[in-house]
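> A structural model of the following input is requested.
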Amino acid sequence: MGLYLALFFIAFLLMGVPIAVALGLSCIFASLTTPLAAFFSGTISAMDLFWDSSDIISELMQKTFNSSNGSALMAIPFFILAGNIMASGGVSKRLVGLAEAFLGHITGGLALVATVASTFFGAVSGSAPATTAAIGGVMIKQMEESGYDPAFAGAVVAASGTIGLIIPPSLTMVLYGVSTGVSIGDLFLAGIIPGIIICLALIVPEYLISKKRGYKSVRRGTAAERWKAFKNAFFALMMPIIILGGIYCGIFTPTESAAVAVIYGIIIGIFVHKELHWKDIFKLVLKSARSTAVIMYLMITADILSYILVSHQIPQNLAASILTVSSNQIIVQMIMIVILLVVGTFLNNSAAMVLLAPIFYPILIGLNIDPLFFGIIMVVALAIGHNTPPVGLCLFVACDIGGVKLERIVKEVAPLVLVMIVAVFVMNLFPQLILFLPNLLR
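Below is the predicted model of the structure:
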């Protein structure tokens, strides 16, 4: 069954079928191979083939309905809408202004500003491409005018955009939580330190490269300018605090926090920053609905895949196969990280997460690895795929904004991707970096 699923999935992808549709069709065709094999071997009649096939399709349809009926899935459209609202409500330039006031005077300061601003914006958007687009739209031109290589500017913004998936609230964390049953609130809390680690890891090569190339800094911000920048960005900075604080104070659930984020974003954009208008809301809802439809369909078909895999004990068999290589936790985790890095190169993070989380989960349980800890490792490893061709969404966004060829940005982003990979392996060796905050509040 596993072989049939893989072959059908690859075949549909090669035919250009969208991932979510290819996944659903693969489940149907693979499930029908058993009655078809029985029919061609003469074991069952044509009528039995019809009824058996009808029962299988009916079962999959029922599973499809049940999969789309989970309350946790409601967080997905709301977080997507909240991110779009904050991106359109003047948040990005205020966060850039805050970062520039404190860091702009350092060598390569604008590169550091882009990374720190992306960290701030990631805490309100939950999306890597959205973070790259929002911060890139402000920073790339400014960096070019200050003498930075356009390809380097694009690489910095693309690499920094991945933090939008790592630091909470993160859509990928929601997908992992829905797929495995791990607390979304705990995932959000666990993602804070890794997000900061990736930010700091990117700053090191950015500083060294900028110093080597002699990139200029801007003047040091005065105390008054820094205070003004902080006041301008205050309401944007409050959003992640409200979300996480509300969840852990028991005021609302993670799903409800997504709705709160939408309302907060509308209030800030229309009444505080005054850069969002009521007429824009409909367009943002429509844009979010399109993104939600793709992700929700992917979630549903992935849940059907998980059901088929579990029914045929494929995850358990795969876990047993990996354990034949080694039963050492660290070695198995390293193997899974390599798989995630490779898969993330070819699939977007949402598809990769809903495909791999149900497969890896039994391995984690079997080896007594905390699924909360490794869930964050999965999020970080897959986020790196946004900066590696052929499916590097952040790279493509940065290329479009900066008007730079892909091959030039790929060369510049390579050292930044390398430090992120090193950071993933380091975090894997020190689980407490991830589990410290969740354990502190349990």
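> check contacts around the nearest residue to S179 once chain neighbours are set aside.
Ranked by Cβ to Cβ, 6 or more residues apart in numbering and with sequence neighbours excluded, the top spatial neighbour of S179 is A357, at 4.0 Å. Backbone N, C-alpha and C define where each C-beta goes, glycine included. A357 makes contacts with L175, Y176, S179, T180, G375, M378, as judged by Cβ atoms under 8 Å, 6 or more residues apart in numbering.
> pLDDT wise, what is A357 at?
pLDDT recorded at A357 is 88.
> Narrow the contacts of A357 to those in helices?
Counting by DSSP state H, these place L175, Y176, S179, T180, G375, M378 in helices.
> what separates the first one from A381, distance-wise?
Computed as Cβ to Cβ, to the nearest Å, the L175 to A381 distance reads 14 Å.
> Can you tell me which of the contacts of A357 lies closest to I28?
S179 (20.6 Å; Cβ to Cβ).
> ok, which stretches of this protein are strands?
Under the criterion DSSP state E, the chain contains no strands.
> ok, longest helix in it?
Assigned via DSSP H, the chain shows its longest helix as helix 278-311.
> Quick one: low-confidence residue ranges for the stretch 251-400 of the chain.
In the predicted model of the stretch 251-400 of the chain, residues 310, 315-316, 319, 390 satisfy pLDDT under 70.
> could you pull out the helices for it?
254-267, 278-311, 314-325, 329-346, 349-366, 371-384, 393-402 (DSSP state H, counting those that start in this stretch).
> quick one, which of the ones you listed is nearest to V419?
helix 371-384 (10.3 Å).
> Of the contacts of A357, which is the nearest to A223?
Nearest member of those to A223, counting by Cβ to Cβ, is G375, at 41.5 Å.
> Next, count neighbours for the closest one.
28 (other Cβ atoms under 10 Å).
> my guess is it contacts V182, does it?
Yes: using Cβ atoms under 8 Å, G375 is in contact with V182, at 5.6 Å.
> shared neighbours, these two?
With Cβ under 8 Å, 6+ apart as the test, G375 and V182 both reach Y176.
> that older thread, please work out which of the helices of the stretch 251-400 of the chain is packed deepest.
A comparison of the helices of the stretch 251-400 of the chain by mean neighbour count, using mean count of other Cβ atoms under 10 Å, puts helix 371-384 on top with a mean of 26.
> Quick one: residues contacting T172.
L165, N349, S350, M353, V379, L382, A383.
> Quick check: the gap between the nearest residue to the first one once chain neighbours are set aside and I434.
Yep, that's L165 we're talking about. Excluding its sequence neighbours, the residue lying closest to L165 (Cβ to Cβ, 6+ apart) is A383, at 4.2 Å. Per Cβ to Cβ, A383 is found 14 Å from I434.
> swap in V338?
Taking Cβ to Cβ, one finds V338 at 19 Å from I434.
> for L171, same thing?
From L171 to I434 the distance is 19 Å (Cβ to Cβ).
> coming back round to it: wait, the residue nearest to L165 sits on A128?
Yes: using Cβ under 8 Å, A383 and A128 qualify as a contacting pair, with a distance of 6.2 Å.
> so what's in contact with the two at the same time?
T162, I163, L165, N349.
> Distance to I197 added to these, as CSV?
Formatted as CSV, those follow (distance: Cβ to Cβ, whole Å):
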residue, distance to I197
T162, 12
I163, 10
L165, 14
N349, 18
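> biggest separation within those, which pair?
I163 and N349 (13.0 Å).
> For Y148, grab phi and psi.
For Y148, the backbone dihedrals (degrees, to the nearest 10) come out as phi -70, psi 140.
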